[in-house]
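Trainee: Give me coordinates for this.
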Amino acid sequence: MSGTRTGISHDVHCKKGWKPGLLQTLDIVGLLSITGFVDAKGLCRLEASTASMQQAFFTSSVNPERAPWRLAAIQRGLCILERKSFSSREVHQRLKRFYGKLHLVTSPANWQWPIYGLDGVDRLERITESFMHGLGQCHGLQVHLLEFAFQPKDVQNALQNANEWSPPPPPAKSNQYQGSFQQLLGVHQLHLEASVQPLMTRHGGVECALFLELRLGQSLTESAWVHVLVWCGLEAFPGDCRGCAEPEEPMSAMQLRLPKGCVCSSLQRVARGSLLQQALTSHGTVRTLLAFEPCKSAAT
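Mentor: Presented below is the predicted three-dimensional model:
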């Protein structure tokens, strides 16, 4: 499972002894406002239990904020913000499909990931599908959906204080995640860093470049591949300090081999003036999908 600091699980199971039949004497629509007590399978059983229950799901979805599948997504740490008007059936179907696709990945429940509108829901769904498709024959990998937060001033200071002839400034660090990211490799803690490093140009000069790096809490117990998809949210409305709008396409995908004992790997160079650099120095949010694959597993 993935987690922030405390490693809270995203799985919330039905209470012991709970049965759909007990709901017949209760207000159905009112009950749907507490579906946080029900996991995905339980919610599907609840919806399919009776025709009146299915209608109650549609009725509750008239207000997107009370839609059962939105409440279920919030339990996964995915906070969907919708201000447009859609039919209750469309809201219900799109959120249910989204939750079904996101069931294939883990995400922290104690870190709220804002998603702006159903269009953002669809884009995040496509980004996730693209990543899963890119894994190809790598069956059984644990895929993690993580949002990393930098302090923009730390990234700005690293860029401003860097020069070609002095030691690199300290890297800017994101929030840290703790959890079971890959049990066999001993990956239980990770974060991102934005560091400035001097590079030799093709003309013989020296320039400073910004790099995005993945840092592990401890060294790998064996060599591994890490599959990573990186993107950043866009401004959804004036004053948006998190980049709530999902982009049409992710920024970069990579597959890196990490040697045994590795604790840090450079993911990519951050191009000057790119959307990623703008995100790091404005709202500071970077989003990723990642999966670790032991090299022994890849060879079999």
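Trainee: drop to CA atoms for contacts and neighbour counts, all remaining ones
Mentor: Will do.
Trainee: so where's the stretch 151-300 of the chain uncertain?
Mentor: Residue ranges of the stretch 151-300 of the chain with pLDDT under 70: 164, 250, 297-300.
Trainee: can you pull out the helices in it?
Mentor: Along the stretch 151-300 of the chain, the segments classed as helices by DSSP state H, counting those that start in this stretch run 152-161, 275-281, 295-299.
Trainee: Now those helices in JSON lines, please, with extra columns for distance to Gln142 and mean neighbour count.
Mentor: Formatted as JSON lines, the helices of the stretch 151-300 of the chain follow (distance: least, Cα to Cα, whole Å; neighbours: other Cα atoms under 10 Å):
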{"stretch": "helix 152-161", "distance to Gln142": "30", "mean neighbour count": "17"}
{"stretch": "helix 275-281", "distance to Gln142": "26", "mean neighbour count": "20"}
{"stretch": "helix 295-299", "distance to Gln142": "13", "mean neighbour count": "12"}
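Trainee: Looking at the ones you listed, spot the one closest to Ala224.
Mentor: helix 295-299 (4.6 Å; Cα to Cα).
Trainee: ok, back up a step: can you say which of the helices of the stretch 151-300 of the chain is nearest to Arg89?
Mentor: helix 275-281 (35.3 Å).
Trainee: Show me what the closest one is packed up against.
Mentor: helix 152-161, strand 285-294 (3 or more Cα pairs under 8 Å, 6 or more residues apart in numbering; DSSP states H and E).
Trainee: Which strands or helices does the last one pack on?
Mentor: Contact analysis of strand 285-294 by 3+ Cα pairs under 8 Å, 6+ apart lists strand 143-149, strand 177-182, strand 224-231, helix 275-281 as its packing neighbours.
Trainee: one more time with 6 Å
Mentor: Using 3 or more Cα pairs under 6 Å, 6 or more residues apart in numbering; DSSP states H and E, the elements in contact with strand 285-294 are strand 143-149, strand 224-231.
Trainee: quick one, which of those strands is nearest to Val286?
Mentor: strand 143-149 (5.1 Å).
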